[in-house]
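Colleague: Give me the fold of what follows.
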Amino acid sequence: MLRELHELGVKLAVDDFGTGYSGLAYLRSFPIDVLKLDRSFVLQHDERISAFDFVKAFVDMAHALKMSVVAEGVEMLDVVEFLRSAACDEAQGYYFARPMPLCQLRLLLANEGRAEA
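Modeller: Numbering: from 1, shown residues only. The predicted model follows:
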């Protein structure tokens, strides 16, 4: 079913990659387009490997497999800059906006378009 959806143009993402049941085996088994990097990996504090090295390796692996990466749980500008330097494709989190109803999102996007003009 996932292959059929992919052939129809539906983009498929693996949420919270690297936690629970979403592991490397899925990358080869399914037509995945996007990996969502769990915030715990961005904020990790491990003496053996830096968070940057880990995230950079993750992003490089995803890009080599023709996938994009979305980092979750981004709350501060320094994390945005960190992800940008690691070539992460997208980020989501409170730094950009809190969860909101669709009508509020439409207003936000309409105002953003005016701010860029």
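
Colleague: hey, let's count contacts and neighbours off CA atoms from now on
Modeller: Fine.

Colleague: what are the ranges of the helices in the chain?
Modeller: Taking DSSP state H, the helices of the chain run over residues 2-7, 24-29, 39-42, 51-64, 77-85, 102-116.

Colleague: In terms of mean pLDDT, which of those ranks lowest?
Modeller: Among the helices of the chain, helix 24-29 carries the lowest mean pLDDT, a mean of 72.

Colleague: what residue lies at the spatial centre of the protein?
Modeller: Here the mean C-alpha position of the chain is nearest to the C-alpha of Val70 (CA atoms, centre = their mean), at a distance of 0.9 Å.

Colleague: Hmm, Lys56 and Ala62 touching each other?
Modeller: No. Using CA atoms under 8 Å as the test, Ala62 is too far from Lys56 to be in contact (9.9 Å).

Colleague: So Glu72 is in contact with Gln92, correct?
Modeller: Yes. With contact defined as CA under 8 Å, Glu72 reaches Gln92; the gap is 5.2 Å.

Colleague: So for those two, which sits in the more crowded spot?
Modeller: When neighbours are counted by other CA atoms under 10 Å, Glu72 and Gln92 differ, and Glu72 comes out ahead with 20 against 17.

Colleague: The helices of the chain: which one's closest to Phe96?
Modeller: helix 77-85 (9.6 Å; CA to CA).

Colleague: Run the angle between that closest one and helix 51-64 for me.
Modeller: Angle, helix 77-85 to helix 51-64, by axes from the mean of the first three to the mean of the last three CA atoms, to 10 degrees: 40 degrees.

Colleague: If you count neighbours, what's buried in helix 77-85?
Modeller: By 16 or more other CA atoms under 10 Å, the buried positions in helix 77-85 come out as 79-80, 82-83.

Colleague: Which one of the residues you listed is nearest to Gln104?
Modeller: Within the buried residues of helix 77-85, the smallest distance to Gln104 is 23.6 Å, found for Val80 (CA to CA).
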